[in-house]
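**Q** 3D, please:
(one chain, ligands or ions: 3)
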Amino acid sequence: MKYAEIIIEIKAREVDRVFYYIVPEGLEDKIRPGMRVTVPFGRSSRPTEGYVTALSDTAETSRPLKEITALKDNFAALTETGIRLAGWMREKYYCTLSDCLQCMLPKFVGSRVIKYVHRGKAFEKGKELPRKAEKQIQVIRLLTEKSPIRQDFLRNEYKISYNTLKSLEEKEIIEITEQEKSRDLYNTNLPQTGRPHTPTPEQRAAVDSIISDFDRKDKKPFLLKGVTGSGKTLVYTEVIAEALKRGKQAIVLVPEISLTPQTVQRFINRFGSLVTVTHSKMTDGERLDQWKKARNGRVSVMVGPRSAIFAPFDNIGVIIIDEEHEHTYKSENTPKYDAREIAVKLQEICGATVVLGSATPAIESYYKAEKGGYRLLELNNRINMRLPDIYAVDMRDEIALGNKSMFSIKLQKAIRETLEQKKQIILFLNRRGHSTFVSCRRCGYVMTCDSCSVSYTYHMKENRLVCHYCGRVKEIPEVCPSCGSGYIKYFGAGTEKITKEVNRLFPEARVLRMDADTTKSKDSHRQILNAFARGEADILVGTQMIAKGLDFPNVVLVGVVAADLSLNSSDYRSAENTFQLLSQVSGRAGRADSRGRVLIQTYMPENYCIEYAKKNDYISFYREEIEFREQMNYPPFSRICVVLFTGEDEKQVISSLHHFAAVLNFYGKGKDYTVIGPGAAMVSKIKDRFRHRIIIKGKDEERLKSYVFYCLDKFDKREDTKEITISVTINPTYIP
Ligand code: ADP
Ligand code: ZN
Ligand code: ZN
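**A** Ligands and ions are numbered 1, 2, ... in the order given. Got it, this is the predicted structure:
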């Protein structure tokens with residue numbers, strides 16, 4: 001007798017294991033691991049969907065077993081790799097197997113079928129129909145002129161009913177055929193445009209190193225550090241071409257498709273119909289169809305956001321993660337996976353070569369490269385050999401000069417010159433989220449928590465300052481503690497305000513704005529960027545949406561309106577984020593023949609992050625930043641775990657969290673864990689639910705996790721937490 005191990009598609013901890021079923025004789029030849037099946041489940045033997053994870057000749061159970069009812073498809077929906085990955089993810093991210101499957105598999109919605117009506121065998125006999133059969137006669141008349149005709153056309157244009165067609169079909173006067181139609185987002189059938197560039201010696205060297213890894217047994221991920229405009233994309237496409245030649249497949253992750261349409265297009269240009277593109281705004285049907293193409297081998301390259309890491313390929317040769325430092329690679333929903341971690345696991349499971357690319361690698365990634373965990377490859381030259389000139393503009397001088405505009409005199413002059421040259425300008429507002437801080441407009445002093453070295457966040461409602469790490473609260477001072485000026489206030493500027501200011505100062509300039517407000521519809525990103533590429537505007541104003549991957553040859557000036565907005569966010573990574581954003585956005589200037597110019601407006605030009613961004617000096621920035629991290633015991637020197645409590649009764653949330661803190665302190669005594677807080681979350685209330693959180697730091701991720709979960713378990717047994725939702729995040733992309 002044959003048995004199957006099966007995961008049940010039910011999201012509950014109690015059924016989060018494999019169940020044994022008997023494979024009935026009729027299915028023995030057809031069943032394979034990875035297949036979707038229907039099985040009777042539970043006491044009532046309700047038909048339930050499940051997945052076969054393994055087949056065996058014995059079953060480790062003493063209970064009587066039931067039989068599999070049916071196979072749902074004639075192919076294995078899960079790959080072998082997928083099955084192994086799910087088992088690993090469940091342990092790593094504290095989720096159920098069913099959660100993991102949900103990441104890997106599309107919703108099996110119906111496929112889009114187009115029906116065609118043809119002349120049938122007995123078409124000639126259609127004259128024999130009674131006069132009354134008006135509609136049937138009409139169909140015959142139409143088919144005499146043209147055959148086949150789409151069924152939906154007959155229904156919509158001529159109101160031909162299903163019954164009419166059915167009775168014609170029964171008489172064999174017509175014949176109906178079906179054709180499955182793929183729901184595609186991108187046209188990949190266009191002819192390839194031109195020959196690919198010949199790699200420069202620098203690019204060649206990087207490509208060769210990566211390719212030589214294909215056959216190695218002791219693989220390590222590559223960190224490809226290439227300055228903006230150094231041609232990383234060509235390195236990726238050359239490597240992929242080689243993988244395809246060897247019959248393997250490739251996965252390319254990009255931060256967000258809608259923000260990187262040009263990058264995506266380059267893969268389509270190179271590999272045509274071998275590429276499929278996924279997207280976070282796809283419908284279930286579109287997602288299913290792209291998934292199917294990958295599963296049945298019709299495409300070999302999957303380009304997409306983080307979820308594309310689960311592309312159902314059988315033989316993955318290479319995984320590329322572009323802009324690897326981006327926070328979007330980490331999922332914020334269960335399972336809270338990190339696509340970079342999954343990639344490294346895939347390297348182990350199926351021998352894929354992993355390439356992480358960035359102009360500004362994450363501090364933690366570069367640290368890994370230094371310690372030998374990654375192999376470092378560098379592209380130090382721009383293709384056009386010219387990096388832009390970057391200047392910092394000290395905004396404290398502007399106040400002294402009596403200029404109250406948000407554009408410095410220097411930036412105004414540069415905009416005017418660029419408009420006269422008929423070149424293009426990008427104005428960038430460095431803004432993440434809604435955090436606001438309080439600073440002195442005269443000397444630039446920023447209110448900062450002494451214990452945490454992060455800025456206080458301004459809470460408008462209570463008109464107070466709060467440290468989001470330790471929860472400390474402070475009144476806003478009347479005068480600046482540093483210079484005594486009364487001009488101390490919270491900072492806040494939006495892209496709309498900037499656009500208005502441009503219109504006021506340069507009424508002749510044509511302006512496009514790209515931010516969350518102007519990009520609500522599905523295709524709006526691409527439309528705005530295309531319009532700008534066609535030269536329909538002189539100035540593009542935007543948030544970090546416009547910082548990434550854009551290649552506009554006519555842009556020669558980039559203005560960073562307020563560099564400090566992200567520098568003063570209450571996150572230990574604010575310097576890293578700011579450096580990355582400034583480098584990325586600076587990289588948009590002067591990518592073709594003309595030299596680019598970047599003006600960074602700041603109240604703190606002497607800050608190391610601005611200093612090094614100005615010099616395009618990643619390494620020096622890294623050295624200072626890693627020292628700060630070590631001093632403060634922030635990652636990579638520690639791991640951070642955030643436990644968030646939410647509930648409708650704020651008093652109860654706070655008191656519960658204090659009890660949990662006591663449990664943490666009790667079991668952590670004498671060990672090297674640091675507990676910070678409890679404190680209000682960055683957003684302290686959402687939909688009438690109050691949010692408070694506690695941060696725990698520890699040296700080792702696995703030990704930190706077991707400590708926190710052990711404490712939660714102890715806490716759970718003592719406390720009534722029915723009204724409270726608890727969520728745990730390891731190494732969050734931001735502290736909630
Ligand atoms: P990055 O992603 O490193 O910022 P890109 O891949 O966007 O850089 O390349 C920058 C520009 O240089 C693009 O316009 C690209 O077409 C061009 N390019 C890349 N490699 C070459 C090459 N070997 N020869 C000529 N042009 C190239
Ligand atoms: Zn603090
Ligand atoms: Zn001051």
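**Q** How about Val708, nearest residue that isn't a chain neighbour?
**A** What sits nearest to Val708 in space, not counting adjacent residues and going by Cβ to Cβ, 6 or more residues apart in numbering, is Cys641, at 5.2 Å. (C-beta placed from N, C-alpha, C; glycine too.)
**Q** How many neighbouring residues does that neighbour have?
**A** Cys641: 22 surrounding residues under other Cβ atoms under 10 Å.
**Q** packing partners for the helix or strand containing it?
**A** Using DSSP states H and E, Cys641 sits within strand 639-647. Applying 3 or more Cβ pairs under 8 Å, 6 or more residues apart in numbering; DSSP states H and E, we find strand 639-647 packed against helix 650-668, strand 689-698, helix 701-718, strand 725-730.
**Q** so the third one versus strand 725-730, what angle?
**A** Just to be clear, that refers to helix 701-718. If you take axes from the mean of the first three to the mean of the last three Cα atoms, to 10 degrees, helix 701-718 sits at 170 degrees to strand 725-730.
**Q** Just give me how far helix 701-718 sits from the chain centre.
**A** From the chain centre to the centre of helix 701-718 is a distance of 29 Å (Cα atoms, centre = their mean, to the nearest Å).
**Q** List of residues touching it?
**A** For helix 701-718, contacts defined as Cβ atoms under 8 Å, 6 or more residues apart in numbering pick out 94, 639, 641, 643, 659-660, 663-664, 667-668, 671, 673, 696-698, 721, 726, 728, 730-731.
**Q** If we check ligand 2, which of these are in contact?
**A** Residues of the contacts of helix 701-718 in contact with ligand 2 (Cβ under 5 Å from the ion): none.
**Q** Count the neighbours of the residue lying closest to Glu9 once chain neighbours are set aside for me.
**A** Distances taken as Cβ to Cβ, 6+ apart place Glu49 nearest to Glu9, at 4.3 Å, with adjacent residues excluded. Neighbour count for Glu49, taken as other Cβ under 10 Å: 16.
**Q** same thing with Arg141?
**A** By other Cβ under 10 Å, the residues close to Arg141 number 10.
**Q** quick check: angle from the strand holding Cys641 to strand 725-730?
**A** Orientation check (the same axes, to 10 degrees): strand 639-647 against strand 725-730 gives 170 degrees.
**Q** State the mean pLDDT of strand 639-647.
**A** The average pLDDT within strand 639-647 is 93.
**Q** What pairs with it, parallel or antiparallel?
**A** Strand 639-647 pairs in its sheet with strand 689-698 (antiparallel), strand 725-730 (antiparallel), by DSSP bridges.
**Q** Relative to the whole chain's centre, how far out is the longest one?
**A** In this case it means strand 689-698. Distance of strand 689-698 from the chain centroid (Cα atoms, centre = their mean) equals 24 Å.
**Q** And it, what's buried?
**A** Phe690, Arg691, His692, Arg693, Ile694, Ile695, Ile696, Lys697, Gly698 (16 or more other Cβ atoms under 10 Å).
**Q** what do you get for stretch 545-557?
**A** For stretch 545-557, a neighbour-count test (16+ other Cβ under 10 Å) marks Met545, Ile546, Ala547, Lys548, Gly549, Leu550, Asp551, Phe552, Asn554, Val555, Val556, Leu557 as buried.
**Q** on that earlier part again, so which of the helices and strands packed on strand 639-647 comes closest to ligand 1?
**A** Of all the helices and strands packed on strand 639-647, it is strand 725-730 that lies closest to ligand 1, at 30.6 Å by Cβ to the nearest ligand atom.
**Q** Between helix 650-668 and the closest one, find me the angle.
**A** 40 degrees.
**Q** Please work out which residues outside strand 725-730 touch it.
**A** Under Cβ under 8 Å, 6+ apart, the answer for strand 725-730 is 94, 336, 639-647, 689, 701, 704-705, 708-709, 712, 736.
**Q** ok, 7 Å please
**A** Applying Cβ atoms under 7 Å, 6 or more residues apart in numbering, the external contacts of strand 725-730 come out as 336, 639, 641-647, 701, 705, 708, 712.
**Q** Quick check on the contacts of helix 701-718: which are buried?
**A** Burial by neighbour count, 16+ other Cβ under 10 Å: within these this picks out 639, 641, 643, 660, 663-664, 667-668, 673, 696-698, 721, 726, 728, 730-731.
**Q** near ligand 3, from these?
**A** Checking those against ligand 3 (Cβ under 5 Å from the ion), there are no matches.
**Q** From one end of stretch 511-525 to the other, what's the distance?
**A** Distance across stretch 511-525, first residue to last, is 15 Å (Cα to Cα, to the nearest Å).
**Q** Okay, now the unreliable bits of the stretch 601-736 of the chain?
**A** Judged by pLDDT under 70, the stretch 601-736 of the chain has its weakly predicted residues at 683, 734-736.
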